[in-house]
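A.B. asks: sequence-free structure coming up:
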């Protein structure tokens, strides 16, 4: 199963600022047990050749991540997600 490496300080601050710590912890736990758990809505982002993925923290926020060797995952951003 994949594991998420420690978040950068700027991402930790973003989570605090937007009151997302509990949602992050829940989503992280789900992701590390099953990265394709239905509630995460994990998806490969466009353009697909860049291999950048996202999973849902809630209906508004998503974690953007990349896969690293040895089943490691790095979250590179947490952003607002707008649906059309």
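C.D. replies: Received it, and whenever you're ready, just let me know what you need. This one's a predicted model, so the numbers in the text were calculated from it and none came from an experiment. Numbers count the residues shown, from 1 in each chain.
A.B. asks: where do the strands of this protein begin and end?
C.D. replies: 3-4, 43-44, 52-56, 61-68, 72-80 (DSSP state E).
A.B. asks: will you turn the ones you listed into TSV that also has distance to residue 18, mean neighbour count and mean pLDDT?
C.D. replies: Using the backbone N, CA and C atoms, a C-beta is placed for each residue, glycine as well. Listed next are the strands of the chain as TSV, based on distance: least, CB to CB, whole Å; neighbours: other CB atoms under 10 Å; pLDDT from 0 to 100:
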stretch	distance to residue 18	mean neighbour count	mean pLDDT
strand 3-4	18	15	96
strand 43-44	21	12	96
strand 52-56	14	19	97
strand 61-68	7	18	97
strand 72-80	8	16	97
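A.B. asks: in CSV: those strands, plus distance to residue 29.
C.D. replies: CSV is the format used below for the strands of the chain (distance: least, CB to CB, whole Å):
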stretch, distance to residue 29
strand 3-4, 10
strand 43-44, 19
strand 52-56, 12
strand 61-68, 13
strand 72-80, 13
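A.B. asks: for residue 14, find the nearest of these.
C.D. replies: Of all those, strand 72-80 sits nearest to residue 14, with 5.5 Å by CB to CB.
A.B. asks: let me know the angle separating that closest one from strand 52-56.
C.D. replies: 60 degrees (axes from the mean of the first three to the mean of the last three CA atoms, to 10 degrees).
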